[in-house]
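>>> I need the structure of the sequence given here:
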Amino acid sequence: MPLDSPALRITFAVDAWISGAAGIATLLLAAALAPMLGLGEIATVAVGLFMLAYAAALGGLARWRGEHRRWGRTIAVGNALWVAASVWMATTPLLQPTPWGRALILGQAIAVALLALAQWRAAARASSP
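This is a model prediction of the structure:
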């Protein structure tokens with residue numbers, strides 16, 4: 001089993017860049033985004049901060065040259081949970097996002113699901129002899 005997985009490191013880097021860019025945009029535009037999406041400004045800022053912290057952690061994993069297989073599966077499962085939470089947020093009557101908000105939440109959920117799939121597959125390949 002190889003210790004370093006370049007394919008997983010690439011998926012981590014892509015996820016980190018996307019999450020970091022989305023986090024910065026969310027923080028910079030929180031006041032404008034919150035009413036347009038039907039979400040509170042505090043929740044919007046919290047999501048932006050989370051995305052920045054997540055991006056920093058993934059950026060570190062992308063540069064690390066250790067064993068990535070377990071991390072790849074962990075990140076993929078975390079991303080799958082994010083997708084499930086996003087679908088719940090878009091469909092629950094408790095939050096009531098606007099149509100634009102629902103579209104943004106579901107659109108990013110699709111992108112995250114694709115990243116999770118790529119990470120899971122890369123982790124599986126990393127564990128193959």
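>>> need the contact list for G78.
Under the criterion of Cβ atoms under 8 Å, 6 or more residues apart in numbering, G78 has no neighbours. Quick note: C-beta positions are derived from backbone N, CA and C, even for glycine.
>>> and it, what element?
Assessed by DSSP states H and E, G78 sits inside helix 69-91.
>>> where does this structure have low pLDDT?
Within the chain, the stretches with pLDDT under 70 are 1-4, 68, 127-129.
>>> ok, the closest residue to W82 other than its chain neighbours to V87 distance?
Spatial nearest neighbour of W82, excluding adjacent residues (Cβ to Cβ, 6 or more residues apart in numbering): V112 at 5.4 Å. In this view, V112 and V87 are 11 Å apart by Cβ to Cβ, to the nearest Å.
>>> the more surrounded of the two?
Each of V112 and V87 has its neighbours counted (other Cβ atoms under 10 Å); V112 has more, 20 against 14.
>>> does the more buried one really touch A84, like I thought?
No: counting by Cβ atoms under 8 Å, V112 does not reach A84; the two are 10.2 Å apart.
>>> overlap in contacts, these two.
With the criterion set as Cβ under 8 Å, 6+ apart, the contacts of V112 and A84 do not overlap.
>>> still on that earlier bit, tell me which residues in the helix holding G78 are buried?
With burial defined by 16 or more other Cβ atoms under 10 Å, the residues of helix 69-91 counted as buried are 69, 71-73, 75-76, 79-80, 82-83, 86, 89-90.
>>> from the chain's centre, how far out does that helix sit?
The chain centre lies 8 Å from the centre of helix 69-91; the measure is Cα atoms, centre = their mean, to the nearest Å.
>>> I'd like the next helix or strand past it.
helix 99-127.
>>> what's that next one packed up against?
Where contact means 3 or more Cβ pairs under 8 Å, 6 or more residues apart in numbering; DSSP states H and E, helix 99-127 is packed against helix 6-28, helix 30-37, helix 69-91.
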